[in-house]
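>>> Prediction below, plus the sequence it came from.
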Amino acid sequence: MSLYQKKVKPYSDTEICLICEKQKPLGIHLYHSFICLDCEMDIINTKTSDQKYQFYVRRLKQVQFNEKRRQA
Ligand SMILES: [Zn+2]
């Protein structure tokens, strides 16, 4: 139980980005996850034919999957 609590947001004003896994103060919330501004811009600017785009899509699908499990 105490282990879990340590993982919960160490700072109230920053969150861990889902994509780059870095602590960033600015970003958007997607479901219960956080995507930093840098990654958001990256996703927007990445062409769907780019291999990097597939990486982002997989990450985002993971979020939806986690969300469904939480609701079940
Ligand atoms: Zn990021």
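On my side now, so go ahead.
>>> avg pLDDT for the helix or strand hosting residue 35?
According to DSSP states H and E, residue 35 maps onto strand 33-36. The average of the pLDDT scores along strand 33-36 is 91.
>>> which helices and strands sit right next to that strand?
strand 27-30 (3 or more CB pairs under 8 Å, 6 or more residues apart in numbering; DSSP states H and E). To be clear about C-beta, it is placed using only N, CA and C from the backbone, and glycine gets the same treatment.
>>> any weak-confidence spans in the chain?
Applying pLDDT under 70 to the chain flags residues 1-13, 71-72.
>>> For it, which residues are neighbours of the ion?
Contact residues (CB under 5 Å from the ion) of the chain with the ion: 17, 19, 20, 36, 39.
>>> Restricted to buried residues, select the residues you listed in PyMOL.
Remark: buried members of these, expressed as a PyMOL selection using 16 or more other CB atoms under 10 Å:
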select buried, resi 17+19+36+39
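>>> among the residues of the chain next to the ion, which are in strands?
residue 36 (DSSP state E).
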